[in-house]
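1. I'll drop the sequence and a predicted model, then ask my questions.
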Amino acid sequence: SLPSGLAFDGGQLYLSDTENHTIRKIDVLSGAVTTIAGAPGQRGTTDGNAADARFGEPEGIALDQSGNLYIADTDDNTIRVLSLGASTVATVAGNNAMVGFADGIGPSALFYKPKALAVDSSGNLYVGDAFNMAVRKVAISTGTVSTLAMFQAVPQGIALDGSDLLVSLSG
């Protein structure tokens with residue numbers, strides 16, 4: 001229900017199933033669809049085992065070279081990570097109890113409807129922080145969030161082209 005973010009790796013297509021509050025995987029060859037994190041229709045903020053994890057309308061996703069799937073948990077205003085190897089979910093940055101705009105580390109950083117994600121090979125995650133109309137950077141190793149740019153419109157999509165960060169803006 002309202003699939004949003006997509007990431008592809010080795011014949012597997014990962015997607016955020018936004019209105020079902022889940023992360024799904026499609027085996028491209030067989031067409032088999034499985035839920036790999038969350039439970040359909042069960043909204044929440046729970047970290048831990050992927051099957052027990054809960055999300056609040058996840059949208060953007062990005063896959064790194066180590067098999068970690070980063071998730072913009074949009075309605076929870078957090079950035080989460082699903083370790084595909086360990087099948088666990090953890091919150092990287094943001095605070096589901098607070099909406100706002102603040103740079104900081106882990107839960108002291110605040111987001112307002114993060115939507116789009118991109119990850120680079122140096123361990124940085126780029127976030128389209130929609131209602132703050134900003135692009136934010138998360139240093140994955142420390143959870144440190146900083147603001148890169150602010151706009152007069154909502155950043156809808158983010159992509160990396162070498163060292164360039166491309167941003168699509170609504171309106």
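-> Now that the structure is in, tell me what you want to look at.
2. ok but Ser121 is inside a strand, no?
-> No. The assignment for Ser121 by DSSP: H, G, I helix; E, B strand; the rest coil gives coil, which leaves it out of any strand.
3. leaving out the residues flanking it, which one is nearest to it?
-> Excluding its sequence neighbours, the residue lying closest to Ser121 (C-beta to C-beta, 6 or more residues apart in numbering) is Gln65, at 6.3 Å. C-beta here means a position set from N, CA and C on the backbone, and glycine is covered the same way.
4. just say helix, strand or coil for the one you found.
-> Gln65 is classified as coil under three-state DSSP.
5. state the distance from the most far-flung residue of the chain relative to its centre to Gly11.
-> Here the chain reaches farthest from its C-alpha mean at Ser30, the gap being 26.2 Å by C-alpha atoms, centre = their mean. Counting by C-beta to C-beta, to the nearest Å, the separation of Ser30 from Gly11 is 9 Å.
6. near the residue nearest to Ser121, how many other residues are there?
-> 10 (other C-beta atoms under 10 Å).
7. distance check, it against Tyr14.
-> 15 Å.
8. now swap in Asp76 and tell me
-> 19 Å.
9. of the two, who's got more company?
-> Asp76 (27 against 22).
10. contacts only, for the more buried one.
-> Shown in contact with Asp76 (C-beta atoms under 8 Å, 6 or more residues apart in numbering): Thr45, Phe55, Gly56, Glu57, Gly94, Asn96.
11. my read: the fourth one touches Thr18, true?
-> So the one you mean is Glu57. Yes. Contact between Glu57 and Thr18 holds when scored by C-beta atoms under 8 Å: they sit 5.0 Å apart.
12. who touches both of these two?
-> Thr74.
13. what are the buried residues along stretch 157-168?
-> Neighbour-count burial for stretch 157-168, counted by 16 or more other C-beta atoms under 10 Å, picks out Gly157, Ile158, Leu165, Val167.
14. ok, stretch 22-39 next?
-> Thr22, Ile23, Arg24, Lys25, Ile26, Ile36, Ala37, Gly38, Ala39.
15. equivalent analysis for stretch 68-88, please.
-> Buried-residue list, stretch 68-88, by 16+ other C-beta under 10 Å: 68-82, 84, 88.
16. now stretch 98-106
-> Neighbour-count burial for stretch 98-106 [16+ other C-beta under 10 Å]: Val99, Phe101, Gly106.
17. contacts for it next, please.
-> Contacts of stretch 98-106 (C-beta under 8 Å, 6+ apart): 77, 91-93, 108-112, 129, 132, 134, 136, 142-147.
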